[in-house]
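> what follows is a predicted protein model with its sequence.
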Amino acid sequence: MPSLIDIRRRIRSVKNTQQITRALKMISAAKLRRAQERVVAARPYSAMLRETLANLAAAVAGDDAAAESPLLARREEKRILLILLTSDTGKAGAFNANLTRAGQRFIDERKPAASVEVVAIGRRGLDFFRKREYAIAGEYIHILKTIEFSNARAIAHNAIDRYSRGEIDAVYIINSEFKSVLSQKVMEHRVLPVDLPEANPQNPPEQAARDYIFEQPPLQMLEHLLPRFVEAAVYQAMLETAAGEHAARMTAMDAATTNAGDVIDSLTLTMNRARQAAITKEIIEVVSGAAAGE
């Protein structure tokens, strides 16, 4: 059995760790509230943008010029750009492992028919794919700490420019979708070529019968909104991943704090038993010595 000094030292070490995990939990909880508000606020914009694109797609249906748009052109996917979002730090449970595993599976499924370049947003994903010598087309570190639309626009425009020049045939995004504090789902979706959403046939009759009047030609509006759609997709993925990261870290640190408490209780019980055994041993030695002296 370990000595009392060793047990006390272990208890002190676990208590220090528990203070750290409790502090990290509180920090992530505070950050999660702000990140969740931004996610909820951005979702209506994305939904409205998809609805607008659906209306424009219906307006330009049958127009041969619409099919010639660079962002709608479909090619055989031989060169793919994968935008992978992870966090910059750990202590978030399996959050980063799930994302990097999904990215690696995405690449392995397309080998050797297609070559995949990775744009890594977040240090964890960058380190994972760099160690395995995957092709890294871009790296963005610490941009999820303070999410700005300008960063999403820069990433989206780089992908749009390369796609328009024919350097790549498709662009995919793998990110974490924030469901709740206890649930984050890994999402994989294609952003280029843009899949024009179709009007929902389940809409109420009064919505289905709406007749839109466009001040500008629908084709011109479509050309203007397609890049905005890609920008919004990247920005939404950044917001969702940041919220998922804070939720995963808060959950992981809460579990770590609880486990540390259980370890402290177990070590305290062991220490009390060791101390009681030492006291009993001393009593036996005293009684035995007194009996031998009689």
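Great, that's in hand.
> quick one: residue 276 from residue 146, how far?
Separation of residue 276 from residue 146 (Cβ to Cβ, to the nearest Å): 55 Å. Yep, even glycine has a C-beta here, placed from its N, CA and C like the rest.
> show me the strands in the stretch 51-200 of the chain, by range?
Remark: strands assigned in the stretch 51-200 of the chain by DSSP state E, counting those that start in this stretch are 79-85, 115-121, 136-140, 170-180, 183-192.
> what helices or strands is the third one leaning on?
I take that to be strand 136-140. Here strand 136-140 touches strand 115-121, helix 123-131, helix 149-164, going by 3 or more Cβ pairs under 8 Å, 6 or more residues apart in numbering; DSSP states H and E.
> any idea how far the longest one is from the chain center?
From the chain centre to the centre of helix 149-164 is a distance of 20 Å (Cα atoms, centre = their mean, to the nearest Å).
> ok, and what's touching that helix?
By Cβ atoms under 8 Å, 6 or more residues apart in numbering, the residues outside helix 149-164 that reach it are 70-71, 81, 83, 119, 121, 138, 140, 143, 168-171, 191-193, 227, 230-231, 233-235, 238.
> change it to 6 Å
70, 81, 143, 168, 171, 192, 227, 230-231, 234-235, 238 (Cβ atoms under 6 Å, 6 or more residues apart in numbering).
> what about residue 223, neighbour count?
Neighbours of residue 223 under the rule other Cβ atoms under 10 Å: 18.
> quickly find the element holding it.
helix 218-293 (DSSP states H and E).
> still on that earlier bit, widest-spaced pair of the contacts of helix 149-164?
In terms of Cβ to Cβ, the contacts of helix 149-164 reach their longest pairwise distance at 70 and 143, which sit 26.6 Å apart.
> what about these two, which has more around it?
Neighbours were counted for residue 70 and for residue 143 using other Cβ under 10 Å; residue 143 has more, 19 against 15.
> so how far is residue 217 from that one?
The value you get for residue 143 to residue 217, if Cβ to Cβ is used, is 36 Å.
> report how many residues lie close to residue 43.
Neighbours of residue 43 (other Cβ under 10 Å): 13.
> scratch that, residue 129 is what I was asking about
23.
> who touches it in this structure?
residue 118.
> mind redoing it with 7 Å?
Neighbouring residues of residue 129 by Cβ atoms under 7 Å, 6 or more residues apart in numbering: 118, 120, 136.
> before we move on, back to that, and of the helices and strands packed on strand 136-140, who's closest to residue 8?
helix 123-131 (36.5 Å).
> list the buried residues for the closest one?
123-126, 128-129 (16 or more other Cβ atoms under 10 Å).
> which ones are touching the residue nearest to residue 10 when sequence neighbours are not counted?
In space, and not counting its chain neighbours, residue 10 is closest to residue 267: 5.7 Å by Cβ to Cβ, 6 or more residues apart in numbering. Listed by Cβ under 7 Å, 6+ apart, the contact partners of residue 267 are 7, 10-11, 14.
> and the contacts of stretch 175-182?
For stretch 175-182, contacts defined as Cβ under 7 Å, 6+ apart pick out 39, 85, 95, 99, 184-187, 237, 240-241, 243-244, 247, 250-251.
> one more time with 6 Å, if that's ok
With Cβ under 6 Å, 6+ apart as the criterion, stretch 175-182 contacts 39, 85, 184-185, 187, 237, 240-241, 243-244, 247.
> chain center to that stretch: distance?
Worked out by Cα atoms, centre = their mean, stretch 175-182 lies 8 Å from the chain centre.
> again with stretch 268-288
53 Å.
> export it as CSV, just CAs?
Written as CSV, here are the backbone C-alpha positions of stretch 268-288 (Å, rounded to 0.1, in the frame of the first residue of the first chain):
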residue,chain,number,x,y,z
THR,A,268,-9.4,9.8,0.5
LEU,A,269,-10.9,6.4,1.5
THR,A,270,-7.6,4.7,0.8
MET,A,271,-5.7,7.3,2.9
ASN,A,272,-8.1,6.9,5.8
ARG,A,273,-7.7,3.1,5.7
ALA,A,274,-3.9,3.5,5.6
ARG,A,275,-4.0,5.9,8.5
GLN,A,276,-6.3,3.6,10.5
ALA,A,277,-4.0,0.7,9.8
ALA,A,278,-1.0,2.7,11.0
ILE,A,279,-2.9,3.7,14.2
THR,A,280,-4.0,0.1,14.9
LYS,A,281,-0.5,-1.1,14.3
GLU,A,282,0.9,1.4,16.9
ILE,A,283,-1.8,0.4,19.4
ILE,A,284,-0.9,-3.3,18.9
GLU,A,285,2.8,-2.5,19.4
VAL,A,286,2.1,-0.6,22.6
VAL,A,287,-0.1,-3.3,24.0
SER,A,288,2.3,-6.0,23.1
